[in-house]
Every structure is written in C-alpha cells, then in structure tokens.
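> Pasting the sequence and the predicted model now:
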Amino acid sequence: MATLESKSLHDFSVKDMRGREVSLKEYAGKVLLIVNVASQCGLTNSNYKELNVLYDKYRNRGFEILAFPCNQFGGQEPGSNEEIQETVCTRFKAEFPIFDKIEVNGQNAAPLYKFLKAEKGGLFTDGIKWNFTKFLVNKDGKVVERYGPMTAPLKIENDIVKLFA
C-alpha cells in the first residue's frame, strides 16, 4: 500500500467500480488526468462533454482519464456504483475508466487523493473544493498541475499535449 511518502502515482492501487484492486502501475508511461466526478452537479454536462472530446482525441497517444465519483459536495453523486456507471455510460457516453466512489477530503479521504493534494496543494487550502477538480500527471507518475472545478477540460489541452513530448 502506497503512502504519502510515495514518489509516484504508480505506487498506488485503487478499486474499480466492481470493487477489484487496480494497480496504477498499469498506467505507467501514460499521461493522466484524474478527476473527482459527480452526476448531478451544475458542471457535470460541460465537463463530461469536454472530457470525452479530450479522451477521443488523445487516448491513442497514451492519454487516460481516471474518474473518481465523490458524494462529498452537495450530495451530487448519491447513487450506487451501478447507478453511477449507468449514468456515466448512457447519459454522458464516457468511455474512460470510472472507479469506485471515494472520499477526497477528510479523515476517510482515499490515499490516492491524500497524495495528489500533498503533491499539488490548492489556492488557500489543499482540500478539494468541489466536483471536477483535476490533476494532470506525467508519464512517470508525477503530479504536474492541479486545476480547479471551473477550469474547463479543453482549457487543459495544451498542457496535456506538452506531456506527450
């Protein structure tokens, strides 16, 4: 199990929607965008639409989006994993991986999110402020940037492309 002293995102394992452990080593050599998502947020439609555009455009170049449902902000992701999967795949047509619902803040925050926040703190606090906070990770598993919820995914495109070099 990875700890905050971990040097790379690839040191972590997370659970997928079915509760199976997934080693993030599987994503070594890929550029990653990690996002805490919610199905009922005011930012949901625009974010999923733009995340899909980025994923379709760059997944063949070694780009992955890792989405982590979270219900800590306004109760905007209340469903079970099955309900979330149905919503994301049917309504938003997302093809990128959606993982087990987690907490991103507080005592029960997922170890992955503790690491992400330690690597790239926020403006006034390290805590995640809302749904659709995004972390950009390079091919070596290093967190290179953090974007707030109001940063549209397509505004990140140039930063993603630079990491392919």
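In hand now; what should we look at?
> any idea how far Asn71 is from Glu82?
Distance check for Asn71 against Glu82: by Cβ to Cβ, to the nearest Å, it reads 15 Å. Where C-beta positions appear, they are placed from N, C-alpha and C, glycine not excepted.
> Comparing those two, which residue is more hemmed in?
Asn71 (18 against 10; other Cβ atoms under 10 Å).
> Other residues contacting the lowest-mean-pLDDT helix or strand in the chain?
Least confident helix or strand of the chain, by mean pLDDT, DSSP states H and E, is helix 81-86 with a mean of 83. The set of residues external to helix 81-86 that reach it, using Cβ atoms under 8 Å, 6 or more residues apart in numbering, is 17-18, 39, 69, 77, 98, 100-101.
> Can I get it as PDB, trimmed to CA atoms?
Presented in PDB, the C-alpha positions along helix 81-86 are these (Å, rounded to 0.1, in the frame of the first residue of the first chain):
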ATOM      1  CA  ASN A  81     -21.600   2.300  -8.300                       C
ATOM      2  CA  GLU A  82     -24.000   0.600 -10.700                       C
ATOM      3  CA  GLU A  83     -26.200   3.700 -10.900                       C
ATOM      4  CA  ILE A  84     -23.200   5.900 -11.500                       C
ATOM      5  CA  GLN A  85     -21.800   3.600 -14.200                       C
ATOM      6  CA  GLU A  86     -25.200   3.600 -15.900                       C
END
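> Pull out the buried positions in it.
Using 16 or more other Cβ atoms under 10 Å as the test for burial, helix 81-86 gives 81, 84-85.
> Tell me the one of those nearest Trp130?
Closest to Trp130 out of those is Ile84 (17.6 Å), distances taken as Cβ to Cβ.
> Just the residues contacting stretch 107-124, thanks.
In contact with stretch 107-124 (Cβ under 8 Å, 6+ apart) are residues 1-4, 6, 9, 12, 14, 24, 34, 36, 68, 102-105, 126-129, 135, 142-146, 148.
> and those residues, which are buried?
Buried members of the contacts of stretch 107-124, counted by 16+ other Cβ under 10 Å: 2, 6, 9, 12, 14, 24, 34, 36, 68, 102-105, 128, 135, 143, 145-146.
> Quick one: mark the members of those that sit in helices.
Judged by DSSP state H, helices contain none of the buried ones among the contacts of stretch 107-124.
> contacting residues for the residue nearest to Pro153 when sequence neighbours are not counted?
If the residues on either side of it in the chain are set aside, Pro153 comes closest to Glu50, at 3.7 Å by Cβ to Cβ, 6 or more residues apart in numbering. Contacts for Glu50 were tallied using Cβ under 8 Å, 6+ apart; they are 152-154.
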